[in-house]
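S.K.: all I have is the shape, not the residue letters:
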């Protein structure tokens, strides 16, 4: 399969001296780098989300936040993004401080052009953002600074082997982000395996997980709804986290719609697993926090539908777009895409009118959220099992193919008292 051409490396240059900022920009652009010049640390932090640089070159001495402060903030938000520090006050203490803070190079101004370019080339070779295929994030249509920050963080993490926990409401794109991290990594040509933690059957879960781990060797393993894994498998994954850099050679990615810290406090998530995933977390924003993306997402969905059905692409009237943008989306992007496909399918003309959108939104207004529907189904299912077993928890757990301890936790979570079902089976 042909590899997508690699993009031009992007360098963010930060200096409050206009003359030097212009000189550095000219020098780097002459080497065919894409360069974004900014005059302050605050502007740099905003630019990283938008520009997605592979490297930051910043002055050390600046008004407001200085270069060390900027370096630390960049490391906190985007681990793996390399930083070169420049200063006109080159002293040994400055160099030591810069190195201890994590700068990949410390150069004294005025910097010779060849020395600058040499350090830039070295930094790009080891940057967490270097040499990433351009299409790694193609599935994300966005102009949202919030989502751009999350994507930039994912981009910076891609070429590390750190385990990543991706959280967020259902439908926000957690699995898409996991796949994007894999595509942006050095493992992109190796296997990408997905395991649904909530779908593993108790009597076969260990074998299914073991088989997925074996298939994922050298690549990435994404565990969806990791909090739904049976407790013994949570412990097994915690051990995998500890050994992932060794013989197993697997990058672990995980998703959850809930806060694992809260679940661990309730005893529903193994503490060892939480500790292994606590280092790197990315929270996907709900659609309500990125409404500016709704027109883009509608267009993307219509484009995809036209390609899939090999039909002429439909468009939305401005009024229909307004309806989409103003609606509540408890199911987030997944729900938005489903409604777009629905109205496009029933629209007889080339332009989707607002009335069709109103009808579709009216029909889904009474539909519960994914979490509400899942909880309702689970509670009804548990009630039916206890009725069949006449309140015998061990028998009900066997019918559900879950262990007794896990079954008791499910009952407690949904507020069900097994004693109330004694003698209910006619």
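M.R.: Great, that's in hand. All of these numbers come straight from a predicted model, not from anything done at the bench.
S.K.: helices or strands next to the one helix or strand residue 338 maps to in the packing?
M.R.: In this assignment (DSSP states H and E), residue 338 forms part of helix 332-346. If you count contacts as 3 or more Cβ pairs under 8 Å, 6 or more residues apart in numbering; DSSP states H and E, helix 332-346 packs onto helix 294-309, helix 318-326, helix 354-364. For the C-beta atoms, the positions are set from N, CA and C on the backbone; glycine is no exception.
S.K.: would you turn those into a markdown table with mean pLDDT and mean neighbour count?
M.R.: As requested, the helices and strands packed on helix 332-346 are arranged in a markdown table below (pLDDT from 0 to 100; neighbours: other Cβ atoms under 10 Å):
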| stretch | mean pLDDT | mean neighbour count |
| --- | --- | --- |
| helix 294-309 | 92 | 16 |
| helix 318-326 | 92 | 16 |
| helix 354-364 | 85 | 16 |
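S.K.: I'd like these laid out as JSON lines, including distance to residue 45.
M.R.: Below are those laid out as JSON lines (distance: least, Cβ to Cβ, whole Å):
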{"stretch": "helix 294-309", "distance to residue 45": "24"}
{"stretch": "helix 318-326", "distance to residue 45": "28"}
{"stretch": "helix 354-364", "distance to residue 45": "37"}
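S.K.: residue 276 is nearest to which of those helices?
M.R.: Evaluated with Cβ to Cβ, the helices and strands packed on helix 332-346 place helix 294-309 nearest to residue 276, the distance being 33.6 Å.
S.K.: which residues touch the closest one?
M.R.: Residues from elsewhere that reach helix 294-309, judged by Cβ atoms under 8 Å, 6 or more residues apart in numbering: 141-143, 287, 311-316, 321, 324-325, 333, 336-337, 340-341, 344.
S.K.: what mean pLDDT would you report for stretch 165-185?
M.R.: Averaging pLDDT along stretch 165-185 yields 94.
S.K.: and what of stretch 82-96?
M.R.: 73.
S.K.: roughly how far apart are residue 193 and residue 36?
M.R.: From residue 193 across to residue 36, the span is 37 Å (Cβ to Cβ, to the nearest Å).
S.K.: so which strand or helix has residue 195?
M.R.: Per DSSP H and E: strand 192-196 holds residue 195.
S.K.: hmm, back to that, what subset of the contacts of helix 294-309 is buried?
M.R.: Among those, the ones that count as buried by 16 or more other Cβ atoms under 10 Å are 141, 142, 287, 314, 316, 321, 324, 333, 336, 337, 340, 344.
S.K.: quick one: closest of the helices and strands packed on helix 332-346 to residue 237.
M.R.: helix 294-309 (32.8 Å).
S.K.: so the closest one versus helix 332-346, what angle?
M.R.: 50 degrees (axes from the mean of the first three to the mean of the last three Cα atoms, to 10 degrees).
S.K.: hang on, residue 110 in a strand?
M.R.: No. Per DSSP: H, G, I helix; E, B strand; the rest coil, residue 110 lies outside any strand segment and is coil.
S.K.: surely residue 42 is within a helix?
M.R.: Yes. Under three-state DSSP, residue 42 falls within a helix.
S.K.: for residue 292, see how far away residue 141 is.
M.R.: 11 Å.
S.K.: ok, and what's touching stretch 18-38?
M.R.: Taking Cβ under 8 Å, 6+ apart as the rule, stretch 18-38 contacts 8-15, 39, 44, 47, 51, 53, 57, 59, 109, 113, 116-117, 120.
S.K.: next step: the residues you listed restricted to strands.
M.R.: 10, 11, 12, 13, 14, 57, 59 (DSSP state E).
S.K.: with adjacent residues omitted, what lies nearest to the fifth one?
M.R.: If the residues on either side of it in the chain are set aside, residue 14 comes closest to residue 58, at 3.9 Å by Cβ to Cβ, 6 or more residues apart in numbering.
S.K.: is it true that the one you found touches residue 67?
M.R.: Yes. Assessed by Cβ atoms under 8 Å, residue 58 is found in contact with residue 67 at 4.8 Å.
S.K.: now do the shared contacts for these two.
M.R.: What both residue 58 and residue 67 touch, as defined by Cβ under 8 Å, 6+ apart, is the set 14, 41, 85, 86.
S.K.: how about the secondary structure of the last one?
M.R.: Taken by three-state DSSP, the conformation at residue 86 corresponds to strand.
S.K.: contacting residues for it?
M.R.: Taking Cβ under 8 Å, 6+ apart, one finds 15, 57, 58, 59, 60, 67, 107, 108, 109, 111 in contact with residue 86.
S.K.: separation between the third one and residue 124?
M.R.: Residue 58 sits 16 Å away from residue 124, going by Cβ to Cβ.
S.K.: any weak-confidence spans in the stretch 51-200 of the chain?
M.R.: Applying pLDDT under 70 to the stretch 51-200 of the chain flags residues 79, 89-101, 127-134.
S.K.: helices along that one, start to end?
M.R.: All helices of the stretch 51-200 of the chain, identified by DSSP state H, counting those that start in this stretch, fall at 67-77, 92-101, 113-126, 145-157, 174-184.
S.K.: for these, give me TSV that also has distance to residue 413.
M.R.: Shown next, in TSV, are those (distance: least, Cβ to Cβ, whole Å):
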stretch	distance to residue 413
helix 67-77	34
helix 92-101	45
helix 113-126	46
helix 145-157	29
helix 174-184	22
